[in-house]
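S.K.: Give me a model of this one.
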Amino acid sequence: MCGIVGIIGLNELPVDKENILTMADEIKHRGPDGEGFLITNNLDFCNSIKRIRNNALVISKNHHQQVAFGHRRLSIIDLHFEASQPMSDSSDRYWIVYNGEIYNHAELRRQLENLGHNFKTDHSDTEVILNAYAQWGKECLSRFNGMWAFCIWDSVENTFFLARDLIGKKPLYYVEHDSVFYFASELKALLVNQEIPRILNERAVYDYLTYTMVPSPDTIFRNVKKLPAAHYLFFKPGEQIVAKRYWNPFRNDKYLNSSETEIIEALREKISEAVRIRLLADVEVGILLSGGLDSSINLACASKYRERPIKAFCVGFENMPGYKNEFCYARQIAALFKADYYELQLKEKDYFDFLQDMVYYQDEPNADAANIPLYYVSKLARSKGVKVLLGGEGSDEMFIGYQLWDIARQFSNIMEGKPLLSGITGFLHKNSPLKNKRTYYHGWYEKVRKKQPVFWSGTEQWTEKEKQRMLSSEFLHTIGSYNSFFPINDLYSSSLAGGSGESFDWMSSADLVNRLPDLLLARLDRMTMAASVEGRNPFLDVNLIEYVMKIPPHLKIKNKEEKYILKKAYEGILPAEIIYRRKDSFSVPLDQIFSNRDNKQGSIETIERFNLKTNIFSSNYIKQLKESKNGEELLTISSLAYWYEKFN
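M.R.: Got it, this is the predicted structure:
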């Protein structure tokens, strides 16, 4: 919906608040529809803003606390100027800057009005958050269904409350520097202050080579943090600032004791409701349509709630040897539900034309191949008048949509109590699901030997042993005994993961807490917002998540069919060839793209410049990389190198 920035003094000394303008300007793509500022103790500065930014909301407030808030608005709900931010409650005690959407805001407004709260706006969800906080304090978070990153200032108690939504759909970065606390929706907004150090976080680089992203709360810079999903900060200036978890998505009770038929009926109802509330907007809502199961479910449900055709958008590359786009499936579903359908066919040139901009918008290295097509299709949607797009993120993580999960679980079960690799390897070779997974289970064996789970993430790029061969001796000396299992060790050891056994619960835990917010949702947020479009996720509705996490695993994968119960739920609604086709949405022909000599050469030259400055990779690995035909490998390393050139 928007972008937020803030500067908070942590002592009584004056604070340079003028950076708030450049911070807000740096994320104007997140909110091209308006801007607003709250500044304490600097009337002259506020008047100068009004003179040069005629349409901005500018609020000056006398207060002993040094504060500057900035907001860039993408108008989605309540388009009136009265709904602009920064916003206060009717008493002017509480002030907020907020990015996101609260889908149950109308229901909460009625409750709060009955409790005596007054509202100044027509139907702003921002004001609902303010009054909810005034009524329930930090407990208000448990009442919201939506996505959010916000900062609320209680000007009477002089406390600050920053929170991020349950699954991490909306980002929030922060840093403490010279007794000043800065926060922003995007990392780049913090970096406009040249005084904030840009010290490369070597452990983050090391983790990136495993997870193709940097796990929260760390970022690619040592001193900058990102607030993890389902966490908040609450502090008075001068107090220690510590993030606290406020929600656990994983089951603390028994699995559902319901029949398969009952679960199917409940799933249809909850998914339909999740889609319905995400269609609520004062602007046009469209669908990201790949022709796969999840996006097709979104379109099927959305079509029930709209009299006119839903706009649906599909993206792919032109067909080439070894790659075939999947437009035929998207066209089939669009025709079935009478969607207003648009498709975009990209060329390999389009990919490289946007690659450097992609790393700028992503803030941190993120090697998801779908970043770039997602930007282009979001841009297409915006050109057709659509400001909100529904995506299918989260379904695979909750319903066990990855074959690799089952293979990892089988391997772990086989290895338990059987340390002799030779006998195990012979057994594995006889099991057809595992025959072609040697690169995986060789790495998995090393994990078992170290008493670690074999599953760390749905996208593990390189093992610890492989990274030892890739990285320079100097870099490895800096890393020391650090291991990329460290970021998930606490999760694995805690009850948050549903116990520490190697299970589907653990796999869902690992991906919902780490991979989803820091890779897939970061992809959706940054690429849609780069095109000034909001992405929404029906499958990540809180009521749906809490229900699905109680469904027994044997109904999520059955007879080796991933997402079994979800597929059964939509038999008769979607065509069988859509439900049961091979999963391959948003596929990108990376091998073919990097086989172009010019494309590859440009990336290699950037990597060499990067390595000259950082000495992260060994010279032998750089030589090997020049000969590599693995597009995924080349994208991962070149994304890191391009990122470095943009931000250093």
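S.K.: who touches the spatially most central residue of the chain in this structure?
M.R.: Geometric centre of the chain, nearest residue: Leu521, 2.1 Å, by C-alpha atoms, centre = their mean. Counting by C-beta atoms under 8 Å, 6 or more residues apart in numbering, Leu521 touches 167-169, 393, 537. Just so you know, the C-beta spots here come from the backbone N, C-alpha and C atoms, and that holds for glycine as well.
S.K.: So Ile20 is in contact with Arg72, correct?
M.R.: No. Counting by C-beta atoms under 8 Å, Arg72 is not a contact partner of Ile20; they are 11.5 Å apart.
S.K.: So the two - more neighbours on which side?
M.R.: In this view Ile20 and Arg72 are compared by other C-beta atoms under 10 Å, and Arg72 has more residues nearby, 29 against 24.
S.K.: need the next SSE after the lowest-mean-pLDDT helix or strand in the chain, C-terminal direction.
M.R.: Ranked by mean pLDDT, DSSP states H and E, the weakest helix or strand in the chain is helix 421-429, scoring a mean of 52. Counting by DSSP states H and E, the element after helix 421-429 in chain order, helix or strand, is helix 438-449.
S.K.: Buried residues in the next helix or strand after that next one, which are they?
M.R.: Toward the C-terminus, helix 438-449 is succeeded by helix 464-470 as the next helix or strand (DSSP H and E). For helix 464-470, burial by neighbour count (16 or more other C-beta atoms under 10 Å) applies to 464, 466-467, 470.
S.K.: Make sure Ala163 is indeed in a strand.
M.R.: Yes. Under DSSP: H, G, I helix; E, B strand; the rest coil, Ala163 sits within a strand.
S.K.: What residues does it make contact with?
M.R.: Applying C-beta under 8 Å, 6+ apart, we find Ala163 in contact with 141, 148-150, 227, 231-233, 246.
S.K.: Give me the buried entries from those residues.
M.R.: Buried by 16+ other C-beta under 10 Å: 141, 148-150, 227, 231-233, out of the contacts of Ala163.
S.K.: distance between stretch 114-128 and the chain's centre?
M.R.: 29 Å (C-alpha atoms, centre = their mean, to the nearest Å).
S.K.: who's in contact with that stretch?
M.R.: 77-78, 80, 82-83, 85, 87, 89-90, 96, 98, 101-102, 105-106, 108-109, 112-113, 131, 134-135, 146.
S.K.: Mark which of those residues are part of strands, please.
M.R.: Using DSSP state E to define strands, the subset of the contacts of stretch 114-128 located there is 87, 96, 98, 101-102, 146.
S.K.: of all those, which comes closest to Met320?
M.R.: Glu101 (38.8 Å; C-beta to C-beta).
S.K.: Touching, that closest one and Arg536? I think so.
M.R.: Yes. With contact defined as C-beta under 8 Å, Glu101 and Arg536 form a contacting pair (7.2 Å).
S.K.: Find residues that contact each of those two.
M.R.: Common contacts of Glu101 and Arg536 (C-beta under 8 Å, 6+ apart): Met147.
S.K.: more neighbours, those two?
M.R.: Arg536 (30 against 27).
S.K.: Got the confidence number for Pro433?
M.R.: pLDDT recorded at Pro433 is 53.
S.K.: give me every residue that touches the nearest residue to Leu187 once chain neighbours are set aside.
M.R.: Once flanking residues are discounted, Leu187 sits nearest to Asp363: 3.9 Å by C-beta to C-beta, 6 or more residues apart in numbering. By C-beta under 8 Å, 6+ apart, the contact list for Asp363 reads 171, 173, 186-188, 526.
S.K.: Equivalent analysis for Ala339, please.
M.R.: Residues in contact with Ala339 (C-beta under 8 Å, 6+ apart) are 287, 289, 299, 303, 309-312, 333.
S.K.: what residue ranges in the stretch 1-150 of the chain score low on pLDDT?
M.R.: 1 (pLDDT under 70).
S.K.: May I have the phi/psi pair for Ile545?
M.R.: Here is the backbone geometry of Ile545 (degrees, to the nearest 10): phi -60, psi -50.
S.K.: ok, it to Asn537 distance?
M.R.: 10 Å (C-beta to C-beta, to the nearest Å).
S.K.: Can you pull the residues that touch both of these two?
M.R.: With C-beta under 8 Å, 6+ apart, Ile545 and Asn537 have common neighbours 167, 394.
S.K.: would you put the C-alpha positions of the host helix or strand of the residue nearest to the centre of the chain in CSV?
M.R.: Secondary structure assigned from DSSP H and E places Leu521 in helix 521-530. The C-alpha trace of helix 521-530 is given here as CSV (Å, rounded to 0.1, in the frame of the first residue of the first chain):
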residue,chain,number,x,y,z
LEU,A,521,7.4,-12.4,-0.1
ALA,A,522,10.4,-10.1,-0.5
ARG,A,523,10.1,-10.9,-4.2
LEU,A,524,6.4,-10.2,-4.4
ASP,A,525,6.6,-7.0,-2.3
ARG,A,526,9.6,-5.4,-4.0
MET,A,527,8.8,-6.2,-7.6
THR,A,528,5.1,-5.3,-7.4
MET,A,529,5.9,-2.1,-5.4
ALA,A,530,8.6,-1.2,-8.0
